[in-house]
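Undergrad: What follows is a predicted structure for the sequence shown.
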Amino acid sequence: MAKIALFHPWIKSHGGAEKIVLEILKDKTNEFDIYTWVYDKENTFKEFEDFKINVIAPKFVEKFSRHYLLRGLIFPMTLFSKIPLEKYDFFLISTSGFAELITFRNYKPGKTGAYVYTILRASYKNYVSWDLKYRFKNFLGKGAYLAAVYVYRVLEKIAWKKLDRPIFMSELILKRAKDHNLVKGKKTSIAYPPVNTDRFKNLKRKKGKYFLYVSRFHPLKRQNVLINAWNEFVKKHPEQKLVLAGGIENESYFKELKELAGKTKNIEFKVNLNDKDLLSLYEGCLAGIFVPFREDFGIVPFEILSTGKPLIAVDQGGYVELVKDLPQVFLIKEKKSNEALTKEIVLSLEKFLKSKVKPKKINFKELNTKNFGERLIQLLN
């Protein structure tokens, strides 16, 4: 049995990364101690309370962790965040970008690895273009953002030199790392994240009554674009309904969505659901929708397909490589503008309604949840 120090930067929401960390911690063949900068137990999965969480940053850092640009201020904290790595056989970093900066102060030579959900999206070319167009509207904001990206790219290259063994969530994420020239000379692996599809075995097979989009409420998840598309779609199909479900991570954005939904009809919000209620939503839906901007992987599409429901999703994201050839998947063409994407969503919704596909439950063996943590440690070895 190996003893592993597992670092995840912030445990603060009901997100996919937190789900995967919990799957790693379930491994009984190895012993994990978890370290983090932020632990907000009120807004994340209750299962974390079953583990000892070592918080290695001051409490005020929690405020920075929810702000897009201010997260950069956490970097000085990495210089003081010391983990007693001499006690461990391996050091595993769980990262969506930024977490690897922990290596400035913490490195176990030859034994430091990372499970990479993505390199920092805010520094990647496609996301930079999106942010400049939709997030930062004034000159000062754009300038501060581009300066932060430049500084981070320098720090990123230094930090990645100390990642002996990067393990990527998908081929898409490996490509991003290659584009930043981060993996030259390193041995890399792909390990698809675990998805607990066993939860859906006992769900009843029935035709649903509404379209369902499950995702945390965040600008990159593009619920606003979907609502605009729905406004056009429901004019022709007033009997159809849409349910938007997820955790609130951005209060101002969620308020904007509520106001936007008030201008159309047949939209319902479901917030911070427990697993039982979420399963009930899956069971009762007509089809699942998934429209985030270039999702790193995406667990929700596999949950939808595992319930035996059709999936209507954008054609760019880590999940696409595993679902693109399934007859019950209707892919929406990604577009450079929200206006063009709105039209594509409407077209795909129309295509779905006209289709005669008979969906079935899909079993994704590649996403087996059994011994995920053990699998990662084997790859580190």
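TA: Yep, it's here. A quick note: this is a predicted structure, and the numbers were derived from the prediction, not measured.
Undergrad: What is the least confident helix or strand in the protein?
TA: helix 61-65 (a mean of 59; mean pLDDT, DSSP states H and E).
Undergrad: Pull out the buried positions in stretch 267-280.
TA: 267, 269, 273, 278-279 (16 or more other Cβ atoms under 10 Å). Every residue, glycine included, has its C-beta placed from N, CA and C.
Undergrad: Nearest to residue 112 among these?
TA: Closest to residue 112 out of those is residue 278 (35.7 Å), distances taken as Cβ to Cβ.
Undergrad: what's the following helix or strand after the helix or strand the closest one falls within?
TA: Element membership of residue 278 [criterion: DSSP states H and E] is helix 275-284. Scanning forward in sequence from helix 275-284 by DSSP H and E, the next helix or strand is strand 285-290.
Undergrad: tell me the contacts of residue 24?
TA: Residue 24 sits next to 6, 32, 92, 94, 115, 372-373, 376 when contact means Cβ atoms under 8 Å, 6 or more residues apart in numbering.
Undergrad: need the next SSE after the helix or strand hosting it, C-terminal direction.
TA: Using DSSP H and E, residue 24 sits within helix 16-25. Downstream of helix 16-25, the first helix or strand assigned by DSSP H and E is strand 31-36.
Undergrad: Buried residues, stretch 137-156. List them.
TA: Buried residues in stretch 137-156, defined by neighbour count with 16+ other Cβ under 10 Å: 145, 148-149, 152, 155-156.
Undergrad: Same check on stretch 26-37?
TA: Buried-residue list, stretch 26-37, by 16+ other Cβ under 10 Å: 26-27, 30, 32-37.
Undergrad: what do you get for stretch 91-107?
TA: Across stretch 91-107, burial judged by 16+ other Cβ under 10 Å covers 91-103, 106-107.
Undergrad: of the residues you listed, closest to residue 48?
TA: Closest approach to residue 48 among the buried residues of stretch 91-107 (Cβ to Cβ): residue 94, at 13.2 Å.
Undergrad: can you tell me which residues contact that closest one?
TA: Residue 94 neighbours (Cβ under 8 Å, 6+ apart): 6-9, 17, 20-21, 24, 114-115, 117.
Undergrad: Pick out whichever of those residues sits closest to residue 334.
TA: residue 117 (19.9 Å).
Undergrad: Who's the closest spatial neighbour of the closest one, skipping the chain neighbours?
TA: Spatial nearest neighbour of residue 117, chain neighbours left out: residue 96 (4.4 Å); criterion: Cβ to Cβ, 6 or more residues apart in numbering.
Undergrad: What separation do you get for the one you found and residue 255?
TA: Distance of residue 96 to residue 255, computed by Cβ to Cβ, to the nearest Å: 26 Å.
Undergrad: picking that back up, by how many degrees do the helix holding residue 278 and strand 285-290 diverge?
TA: If you take axes from the mean of the first three to the mean of the last three Cα atoms, to 10 degrees, helix 275-284 sits at 110 degrees to strand 285-290.
Undergrad: for the stretch 101-250 of the chain, which spans come out with low pLDDT?
TA: Scanning the stretch 101-250 of the chain for pLDDT under 70 picks out nothing.
Undergrad: And the helices in it, which stretches?
TA: 125-134, 139-160, 171-179, 223-236 (DSSP state H, counting those that start in this stretch).
Undergrad: Other residues contacting the longest one?
TA: In this case it means helix 139-160. With Cβ under 8 Å, 6+ apart, helix 139-160 has contacts from 69, 72, 75, 97-98, 100-101, 103-104, 119-120, 122-123, 128, 131-132, 135-136, 166, 180-183.
Undergrad: What is the burial count for residue 22?
TA: Residue 22: 19 surrounding residues under other Cβ atoms under 10 Å.
Undergrad: Also the one 3 residues further on?
TA: Summarising burial for residue 25: neighbours were counted as other Cβ under 10 Å, giving 19.
Undergrad: my read: it touches residue 376, true?
TA: No - at 11.4 Å, residue 25 and residue 376 do not qualify as touching, with contact defined as Cβ atoms under 8 Å.
Undergrad: No further questions, thank you.
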